[in-house]
Structures are given as structure tokens and as C-alpha cells.
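Engineer: Sequence and predicted structure, then a few things I'm wondering about:
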Amino acid sequence: MPRIVLPPLSPGLPLRFALTASIAAATLTAIAPAGANEGMWMPGQVAQIGAALRADGLQLDPAALGDLNAAPLNAIVSLGGCSAAFLSPQGLVATNHHCVLGSVQYNSKEGQDYLTNGFLAPALTDELPAAPGSRIYVIEALRDVTPAMLKGVTATLGGAARYARIDTNRKALIAACEKQPNRRCDVRPYYGGASYYLQQQLEIQDVRLVYAPALGIGNFGGETDNWMWPRHTGDFGFYRAYVGPDGSSRPYAKENVPYRPKSWLTIAKEGLKENDFVMVAGFPGTTSRLKTYDEVRFNFAEYEPLWQRLFAEYATQIHKATAGNREAQIRYASILQGAENYEKKLSGDIAGADAIGLDARKAAEEKAYRDWIAADPARTARYGVAARALDAVVTENNAAWLKGLRQGLLGRAQLLSSARQLYRWARERAKPDAARESGYQDRDRRATIDRLTQVERRYLAPIDRQLFEAALAEYRQLAPADRDAAFEATLAQIGLDRLYADTKLGDTATRLGWLDKTAAEFEASSDPFIRLAVALNPGDMAGEAKEKDRAGRIQAARSLYMQGLLDYRKAVGQPIYPDANGSLRLTWGKVTGRTRDGQIWTPFTTAEGLVAKQTGKGEFDAPDAAIAAIRARDYGPYVAPALGTLPVDFMSTVDITNGNSGSSTLNAKGEFVGLAFDGTLDGVISDWAYAADRNRTIHVDSRFMLWTMDTIDHADRLLKEMGAK
């Protein structure tokens with residue numbers, strides 16, 4: 001759900017995910033004239049949903065929500081994993097606290113604990129560089145490039161050849177788009193690869209940390225309250241976008257100036273109340289609502305239970321390894337939060353699948369569609385063949401993904417992960433840029449440097465070794481045929497003591513220096529982590545080749561299968577929206593609570609509820625100033641009239657998922673009223689199947705944000721900049 005912030009996938013993976021469409025399968029649903037809040041809609045689809053938006057309370061012209069060159073949509077930005085929005089003409093960006101946490105952690109150390117105490121820059125000159133790799137992406141265009149992506153793709157191509165053809169087309173489209181300076185472009189699949197859109201964004205490289213409240217506000221309740229209601233978390237923080245004096249996107253430099261966005265969101269003068277219309281715009285990551293029955297059964301019977309256990313054990317291992325060592329706890333804070341958060345989400349997924357009878361539901365849906373195929377000989381010849389082909393390759397893919405969970409654990413050794421990436425760079429650099437693997441082209445070099453640099457603030461050798469030893473124990477649960485014999489032999493020869501004692505890759509300058517070395521220099525190196533990376537490479541390449549072949553075959557089968565499903569839904573009169581895939585989407589709903597097995601969840605939580613949870617210890621330790629102000633009812637102008645007190649968080653029916661973290665919540669006029677940051681544990685199953693009775697999103701209320709900034713942290717400079725004071 002929204003709070004999930006995981007480390008990026010390895011650079012070569014996104015395209016293969018895109019081609020398989022295993023997490024970009026189309027989502028199809030009926031939209032009632034009013035009141036139906038399911039769907040993460042593309043801006044170009046507003047004509048289909050305009051009447052429903054109006055009926056639910058939208059006061060803007062719905063057409064305004066389809067214009068990427070005007071507010072509110074061109075104020076919405078991506079952080080490359082989280083969503084955000086401009087709130088001032090000086091490039092001030094609001095997002096979630098957990099989305100800026102990596103930068104807070106990166107700038108913290110013993111004696112300068114911004115994690116615990118929060119951070120506020122008194123002036124522009126005091127704003128700190130965000131963690132390496134931080135970016136702000138400003139949406140500019142989203143255009144259909146299906147014909148260009150499928151040029152030369154024929155039914156006679158095998159899996160590997162089909163993959164290669166689509167990969168070549170994709171890289172050509174991206175290269176043409178990125179001839180424009182400072183642009184970052186990507187091509188993503190829709191409807192299982194039946195169509196493709198190119199997303200063009202302005203890439204801002206100089207991102208600075210401006211403000212994050214204390215941990216006792218930004219993560220009040222911690223993992224205990226995560227995915228729960230009632231919630232009292234002020235999950236918000238601020239970045240700022242900077243550019244060169246000439247307006248061009250540049251890396252951090254003292255002479256850079258704040259970026260001037262085309263538009264920014266206006267903070268609402270009037271807050272929300274129950275049953276008000278709200279909408280969310282952002283970049284939701286992935287949903288899987290229309291995977292096949294076999295994929296769903298496998299996921300919940302085998303894949304997620306193992307994944308959940310691995311995350312739970314990883315979190316326990318980090319807690320144990322860092323116990324009593326504050327420097328270690330700071331360095332591993334963001335890694336730990338990601339592991340704990342995702343483990344809890346997976347537990348909700350598994351329980352939710354049982355609660356809504358997902359297996360039976362998916363089986364019935366699939367049977368209805370396949371019965372429709374079988375009822376007509378022409379459909380049987382076209383779509384029935386695709387269904388059988390898809391079923392066969394899904395079986396292969398399921399087995400590969402299960403093995404991949406344990407094989408991927410080797411990446412927990414941060415220097416081994418770096419060495420593998422560096423050696424792959426050396427091998428790819430020997431090719432022409434256009435022929436290199438996606439993720440290893442010249443366009444990817446800066447991001448690679450940033451990832452390699454981040455290690456310096458998130459790594460300690462003794463901790464890494466403990467985590468790697470635990471990962472190795474789990475890796476060795478694989479059958480011998482599924483483990484890498486060359487890796488195991490090399491590791492046995494080196495030994496863990498020498499592995500960590502003899503490596504030089506822990507030094508950032510040394511690590512970055514390897515980025516320009518040749519493959520031959522890697523192969524001649526005595527550095528133990530580089531030796532392991534070289535030993536792993538042949539197996540990595542063989543596995544990747546098999547993965548590409550499966551990806552090509554899945555794209556061939558699923559794109560046709562999904563086209564049949566589109567035809568089927570059209571025949572029964574049901575409008576469609578594509579599943580979330582990291583592109584800009586819009587969703588809407590109402591500020592609404594719910595009942596749950598004898599409980600009544602009201603739509604707002606209040607400051608008094610925060611004090612009631614306050615223990616002064618651990619996860620429930622809000623700053624003394626905040627507790628004192630609440631007890632004194634020092635709420636200033638931020639009281640909600642209907643509540644008679646200060647709201648903290650609110651609940652709505654908007655339909656969002658991971659990647660929507662930090663998405664701005666807008667009222668019926670398109671004004672800023674808060675930030676989406678979480679959902680409820682029993683509702684996370686909506687990633688797989690929408691369930692209206694349990695789907696709820698949790699938002700931090702803008703009134704609590706402004707109160708914290710004003711009364712507690714005295715962020716007057718920012719409040720004036722946003723026009724809020």
C-alpha cells in the first residue's frame with residue numbers, strides 16, 4: 001500500500017517486468033454513474049469518468065483533470081518511488097515523511113540526529129542535499145506509442161527474439177525523447193502489452209531536504225499503528241527542487257536556485273468534513289487485479305508466504321545486529337522500515353485473500369471469460385490459443401519467481417551487490433550504447449553513481465556480515481541445481497573473514513573508481529567481493545537469458561489474451577481502466593469511515609487521540625511541545641468546526657496503492673487538503689481485487705500539517721511561502 005518504499009529494482013529488471021506485464025495486467029471494471037470509487041484512471045480517460053466525478057461532487061471542469069500543461073496535474077510530481085506536489089512558486093515539494101526519511105537518515109549521525117529530532121532549514125542556504133539518487137520528475141507528456149513499440153514484432157518471433165525486438169524499439173523511443181535536454185522518458189505497457197505509452201518528465205537532479213518533523217510526529221505509532229485505524233501520524237515532509245541559474249537541470253551546486261514550476265497547488269482555506277469529495281493524483285506503482293487464476297493461486301499459496309517470512313526474519317536480524325549501537329541504527333533505519341512495512345503488508349494480503357474468497361472469485365471471473373471465448377469458434381481460434389500459451393508460460397514463470405526470492409538474498413551483502421553491478425557495467429561498456437542492456441546505458445550512469453554512493457551512509461561491515469550470513473543460510477535451502485556452484489566454491493576459498501577484511505570496496509572513492517575499469521581488470525582483481533561478482537556473472541547471464549525468453553513469450557500470449565478480455569468487457573458494456581504501472585493516475589472518493597466487526601471507524605482522528613496514545617517511549621513518543629500544546633488546546637485557526645478540535649488524519653474511499661505515498665489529496669475545487677500515506681491492513685488485498693467494503697485510504701490532514709509547522713516547529717518561512725500564513 002502507499003507506505004511501502006523499497007530499494008529500487010536492479011537496473012535491468014524494469015523492462016522485463018514491463019514485457020511480461022505480470023504486474024501491469026489490465027484492470028477492468030464497471031463504473032456506475034455515481035458513487036463508484038474504484039479505478040486508477042489515466043488523465044486521457046477523464047471524458048469517460050467526467051459525469052461520475054461531477055455526480056460525486058467535483059466542482060472543476062473535468063477536462064481540467066486531463067491537461068498535463070495546467071493545474072492541478074502539472075503540479076503533481078514523482079520522486080521515483082513516491083509521489084509529491086509543488087506547493088509554492090519556489091519549487092517547494094510536499095510529500096510523506098517516510099518518502100524523505102532516506103534523506104533525513106543520510107544527513108544524520110550521532111550528535112546530529114535528525115531522525116529523532118526532525119530537521120528544519122532556517123533559510124534557503126541551510127537546505128541540505130538529499131540522499132544521492134534523489135530526483136524530482138515533473139510530468140510533461142503521456143503519449144501512445146504502440147505502433148512504434150510493436151514495429152517488426154510478428155507472431156513468428158520466438159520469446160527471446162520478440163523480447164529483443166521490443167527492447168530495441170523501446171530504447172529507440174526513449175533515446176529520441178531524451179534528445180531534449182534534462183528529460184527522463186520511459187515506455188510502459190498497458191493492457192498486458194496490447195498498448196504502450198511513453199511518459200516524458202523533466203528530471204530535476206538537485207533535490208534538497210527542507211523540513212521533516214520529529215520522528216514522534218512523522219512516524220508516531222511506528223510499526224504498531226502501521227496499516228491500522230485509528231491513526232495519529234503526521235506523515236509529511238518537504239523537499240525543494242533546484243536548477244542552474246539558467247534554469248537547466250544540474251546536479252547539486254551552491255549557485256543553483258529554486259526551480260520555478262509552471263503551477264503549484266493552493267492550500268485550502270476551508271478543511272474537509274465527513275462525506276466531502278476528495279481526489280488523489282500521483283504515480284501508483286503496481287496492482288495485479290487481473291492476473292490469471294494460476295498466478296493468483298501461486299502467489300497466495302507459495303510466493304507471498306515465503307516472501308513474508310523472509311522479510312520478517314530480515315527485520316529481526318537487523319534489530320539484533322544493531323541493538324545498542326545508535327550509529328548502526330541510524331544507518332539501517334530506512335532499510336529496516338522498508339522491511340517491516342512490507343512484511344506487514346504481505347500479512348494483510350494473505351489474510352485478505354482468504355477473507356474475500358479470492359481464489360473462488362478469480363476462478364469464477366476467469367471461467368466467465370473463457371466460456372465466452374469457447375462460445376464462438378473464431379474467438380476460440382484467436383483467444384483460446386493465447387490462453388493456453390499463457391497458462392503454460394505462467395507455470396514456468398511461477399517456478400522461476402519462487403527460486404528467485406532466495407537467489408536474490410545474496411543482494412543483502414551491499415558490497416557484493418555493488419561489485420556485481422560494477423562488473424556488469426564493465427561488460428556493457430564494451431558495446432555501443434544502444435546495444436547495452438537497459439539500466440547500463442550512458443543515461444543510467446548518474447543514477448548508478450548515486451546508488452553506489454548511498455552505500456557509504458547505509459553500510460557497516462560487521463552488520464552487513466551478520467545479515468549476509470543469515471542470507472546465505474536461507475540461500476542454501478535451494479536445491480543444489482538452483483544454486484551457483486562457482487559462487488559457492490569461490491566463497492569457500494575466500495572465507496567470510498577475508499571477504500570483509502580484504503575488500504577495498506567499502507571506500508566510496510575506490511568503489512566509484514571501478515565504474516570505469518575494464519572487464520579484464522575485474523577478472524584479474526584479487527578483491528574478494530569482485531571475485532565473487534565475477535564468479536556469479538555467468539549464472540546471472542544464463543538466468544537473464546531464460547527470463548528474457550519467458551518475458552517475450554508472456555508478452556505474446558498475454559497481450560492477445562488481454563485484447564480478448566477487452567473485447568469481452570466491451571461486449572457486456574463495462575468501461576475499462578489500465579492497472580497501475582507507475583504512470584500518472586487520478587482517483588477519487590469520499591471522506592468516509594466504515595464499520596468493522598462491531599467497530600465503528602469514524603472518518604477523522606483528533607489531537608486528543610494522539611495524547612491518549614502517548615506513552616513517552618518507543619513508537620508513541622511525540623515531542624513534549626506537541627503534547628503540551630494539545631493539552632492546552634492551543635490549536636489556533638486549525639480547528640475543524642464539525643469536530644470542535646484539531647484533526648490529525650482522515651479516511652477516504654479513494655483507490656490507491658504503493659507509489660501513491662506522498663500523493664496530494666485535493667478537494668472538490670482542486671485545492672490541497674492533505675497527503676495520502678497509508679491504508680488499512682484488511683484492505684491491502686485491493687492490489688489484487690477491489691473490495692469496496694474494506695478499501696480505505698488514510699491521509700494526513702493539511703490542518704495538522706500546518707499546525708505542526710506553525711505551533712510546534714515555527715516554520716514561518718515555509719508557511720508564508722505557501723500562502724498559509
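Structural biologist: Everything's here; your move. Computed from a predicted model, the values in this text were never measured in an experiment.
Engineer: Show me the shaky parts of this structure.
Structural biologist: The chain contains residues with pLDDT under 70 at 1-36.
Engineer: and Tyr369, what does it touch?
Structural biologist: Contact partners of Tyr369, counting by C-beta atoms under 8 Å, 6 or more residues apart in numbering, are Gly564, Leu565, Tyr568. Backbone N, C-alpha and C define where each C-beta goes, glycine included.
Engineer: which of these count as buried?
Structural biologist: When those are checked for burial by 16 or more other C-beta atoms under 10 Å, the buried set is Gly564, Leu565, Tyr568.
Engineer: still on that earlier bit, between the contacts of Tyr369, which sits nearest Asp442?
Structural biologist: Leu565 (39.2 Å; C-beta to C-beta).
Engineer: Apart from its neighbours in sequence, what residue is nearest the closest one?
Structural biologist: Closest residue to Leu565 apart from its sequence neighbours, by C-beta to C-beta, 6 or more residues apart in numbering: Tyr369 at 5.9 Å.
Engineer: tell me the secondary structure for that neighbour?
Structural biologist: With DSSP: H, G, I helix; E, B strand; the rest coil as the basis, Tyr369 sits in helix.
Engineer: Same check on Tyr137?
Structural biologist: Going by three-state DSSP: Tyr137 is strand.
Engineer: My read is that it contacts Gln205, right?
Structural biologist: No. Contact criterion C-beta atoms under 8 Å: Tyr137 and Gln205 do not qualify, at 10.5 Å.
Engineer: So the two - more neighbours on which side?
Structural biologist: Gln205 (24 against 20; other C-beta atoms under 10 Å).
Engineer: Angles on the backbone of the more buried one, please.
Structural biologist: Main-chain torsions, Gln205, degrees, to the nearest 10: phi -90, psi -30.
Engineer: That one: what's it in contact with?
Structural biologist: Per C-beta under 8 Å, 6+ apart, neighbours of Gln205: Arg135, Ser249, Arg250, Pro251, Tyr252, Arg446.
Engineer: can you tell me which residues contact the fifth one?
Structural biologist: Counting by C-beta under 8 Å, 6+ apart, Tyr252 touches Pro129, Gln205, Asp206, Arg208, Tyr242.
Engineer: tell me which residues in stretch 461-477 are buried?
Structural biologist: Ile463, Asp464, Arg465, Gln466, Leu467, Phe468, Ala470, Ala471, Leu472, Glu474, Tyr475.
Engineer: any idea how far the third one is from Gly589?
Structural biologist: It stands for Arg465. Per C-beta to C-beta, to the nearest Å, Arg465 is found 48 Å from Gly589.
Engineer: before we move on, what about the first one?
Structural biologist: When C-beta to C-beta is applied, the distance between Ile463 and Gly589 equals 43 Å.
Engineer: what's around Ala632, how many residues?
Structural biologist: 8.
Engineer: Then Gln59?
Structural biologist: Once other C-beta under 10 Å is used to define contacts, Gln59 is seen to have 11 neighbours.
Engineer: just Ile174 next, same as before
Structural biologist: Ile174: 19 neighbours (other C-beta under 10 Å).
Engineer: Kindly report the same for Ala375.
Structural biologist: 9.
Engineer: For it, give me phi and psi.
Structural biologist: According to degrees, to the nearest 10, Ala375 has phi -80, psi -10.
Engineer: what's the answer for Lys617, then?
Structural biologist: Taking degrees, to the nearest 10 as the convention, Lys617 sits at phi -140, psi 150.
Engineer: So what sits opposite it in the bridge?
Structural biologist: Counting by DSSP bridges, Lys617 is bridged to Phe620.
Engineer: gap between it and Ala486?
Structural biologist: Lys617 is 50 Å from Ala486, where distance means C-beta to C-beta.
Engineer: With Gln337 instead?
Structural biologist: 35 Å.
Engineer: Just the element for the residue lying closest to Asn275 once chain neighbours are set aside, please.
Structural biologist: Distance criterion C-beta to C-beta, 6+ apart; nearest residue to Asn275, sequence neighbours excluded, is Lys590 at 5.6 Å. Of the helices and strands defined by DSSP states H and E, Lys590 is found in strand 585-590.
Engineer: Which is the succeeding secondary structure element to that strand?
Structural biologist: Strand 585-590 is succeeded, C-terminally, by strand 594-596 (DSSP H and E).
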